[in-house]
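**Q** Predicted model and sequence follow; I will ask about them next.
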Amino acid sequence: MKKLLLGLIAVVIGVLVKQGVIFNASEPDFQRSAESVLSEAMMQVDQLCLDRAKGHSDSFDYHNCLDTAHAYEDLCKQRILSQIPSNLTSLALVNQNKRRMQKCIVPSS
């Protein structure tokens, strides 16, 4: 009886693997578009500039930082997108490229 049950389990697992239900190596578990990651990095520009201006949102440094960041956005995005895959498949790659975008738009961040 045990051999029959183990055989049946093995067959079911084999079928599930073959159909890609389990252990599907062709598609990663984690996937984010590079475009969305870089856009998400831009959503944090206010905080980056506020940090750079030492918390003074009414300062020249803060407003200059925002202007510069928005002016560099397209250039930075194009440059980074040309160097990375269109889909990022790990959290480490997401964080690395988000930080890369932030350093490009706010160089001292």
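**A** In hand now; what should we look at?

**Q** Which strands and helices lie in contact with the longest helix along the chain?
**A** With residue count as the measure and DSSP state H as the assignment, the chain has helix 60-81 as its longest helix. In terms of contacts (3 or more C-beta pairs under 8 Å, 6 or more residues apart in numbering; DSSP states H and E), helix 60-81 is packed against helix 34-42, helix 45-52, helix 91-105. C-betas here are computed from N, CA, C, even on glycine.

**Q** How about the contacts made by L91?
**A** Each residue near L91 by C-beta atoms under 8 Å, 6 or more residues apart in numbering is listed here: F30.

**Q** swap the cut-off to 10 Å and go again
**A** Each residue near L91 by C-beta atoms under 10 Å, 6 or more residues apart in numbering is listed here: 30, 32.

**Q** pLDDT score assigned to it?
**A** We have a pLDDT of 89 for L91.

**Q** From R100, how far off is it?
**A** Distance, L91 to R100, by C-beta to C-beta, to the nearest Å: 15 Å.

**Q** same question, T89
**A** Distance of T89 to R100, given as C-beta to C-beta: 16 Å.

**Q** between those two, who's got more neighbours?
**A** More crowded of T89 and R100, by other C-beta atoms under 10 Å: R100, with 18 against 14.
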